[in-house]
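Trainee: Sequence and predicted structure, then a few things I'm wondering about:
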Amino acid sequence: MIKIKKLNYMYKSYKKEKGIKGAFKDFRHRQVEEIYSISDFDLHIEKGEVIGLLGPNGAGKTTLIKLLVGILEPMSGEVSCDGYKPFDKDRKYLKNIGVVLGQKSQLIWDLPAVETLDMLRLIYKIDRKKYEEKLAKMTKLLNLEEKLNTPVRKLSMGERVKFEIICSLIHSPKLLFLDEPTIGLDLTSQLNIHEFLNEINRTEKTTMIITSHYLKDIEALCDRVVILLKGKKRADTTIRKLIDRFSDDGDNMVIKLKEDSSLKSDMGQIVDGKIIIEAKELNKFIENTDIEEIESIERNKKSFEEVIFSIYEEE
């Protein structure tokens, strides 16, 4: 579905010294700095996968999506999406992608959302019957049936975002790009969108690439995550494997004692029948403890958020 090999994208920035002297120098000769926002990047995505694209601000996530959509042209390397080169802007390719970019809206502010959707029906040449069936299905899934004829300016932020997602899916694209799809939304709207996107992926096998600083989006929607740091791929794996990889001997072990246990330990405080000790102390604990007193031992691993934070912090 998507194949990226040795992709590079660079932009130019201009340096300027402080003060009037710096302004004169800048006027005569500008200092140019070349910055790679995507560097030597490889990626392969199969049909129907849902990929979480992670990285701090400035890591290159939005740049990568713009390269895949065809807004930007690669400096070098290869990009192929469903057999097309995105920057060629082939009509067949454009008809098979859907895009939601942050706060950039497709909706016409003073008109009801249904007017924008009907315009998209004409642009994409969608059969009216199929269009009406799909629209009814999506508005029902997102609880928007009574909002179709409400002017966009009178909708809540959550309702507007839901309609933006419907706009990106009304033509049944093979590829969906979502950049911060739940930014600024309340918990109910977030969960509603998660359920909706999971249903679309399950029933239509739509391939999705999602960027979000809200990691609950990624956990709810993605099995696989790709981490970008300063334009380079830092990791490409599942959430579970990522947590396992970045968990180490510094993790804690949770030791659950049997109900009738009278065990006392100097290695950790017993709370609610459990002892929490450092993983590196486990062998020592077992050597000095009657194992008949123990019901279970589990590793208390880092959360997904903790793992991502530690990766960003290392960089």
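Mentor: Everything's here; your move.

Trainee: What is the burial count for the closest residue to Pro86 other than its chain neighbours?
Mentor: Among residues not flanking Pro86 along the chain, Gly70 sits closest, at 3.6 Å (C-beta to C-beta, 6 or more residues apart in numbering). Where C-beta positions appear, they are placed from N, C-alpha and C, glycine not excepted. Gly70 has 20 neighbours, counted by other C-beta atoms under 10 Å.

Trainee: What of Ile297?
Mentor: Around Ile297 there are 15 other residues, counting by other C-beta under 10 Å.

Trainee: what's across from it in the sheet?
Mentor: Following DSSP bridges, Ile297 is listed with bridge partners Ile255.

Trainee: Contact partners for it?
Mentor: Contacts were defined as C-beta atoms under 8 Å, 6 or more residues apart in numbering; by that measure Ile297 touches 253-256, 282.

Trainee: do Glu292 as well
Mentor: Neighbour list for Glu292: Lys258 [criterion: C-beta under 8 Å, 6+ apart].

Trainee: now swap in Pro173 and tell me
Mentor: 95-98, 206.

Trainee: From Arg128, how far out is it?
Mentor: Pro173 is 19 Å from Arg128, where distance means C-beta to C-beta, to the nearest Å.

Trainee: what do you get for Pro151?
Mentor: Using C-beta to C-beta, one gets 24 Å for the distance from Pro151 to Arg128.

Trainee: and those two? which has more neighbours close in?
Mentor: A count of neighbours by other C-beta under 10 Å puts Pro151 above the other of Pro151 and Arg128, at 14 against 10.

Trainee: now the strands for the chain?
Mentor: Ranges of strands in the chain, per DSSP state E, are 2-15, 31-45, 50-54, 76-81, 97-101, 175-179, 207-211, 224-229, 232-238, 252-257, 270-271, 274-278, 294-300.

Trainee: so can I have a markdown table of those strands showing distance to Leu263?
Mentor: Compiled in a markdown table, those are given as follows (distance: least, C-beta to C-beta, whole Å):
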| stretch | distance to Leu263 |
| --- | --- |
| strand 2-15 | 55 |
| strand 31-45 | 51 |
| strand 50-54 | 42 |
| strand 76-81 | 59 |
| strand 97-101 | 55 |
| strand 175-179 | 51 |
| strand 207-211 | 47 |
| strand 224-229 | 40 |
| strand 232-238 | 37 |
| strand 252-257 | 6 |
| strand 270-271 | 7 |
| strand 274-278 | 8 |
| strand 294-300 | 8 |
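
Trainee: And for Ser13, the neighbour number?
Mentor: For Ser13, which is what you asked about, the neighbour count (other C-beta under 10 Å) is 9.
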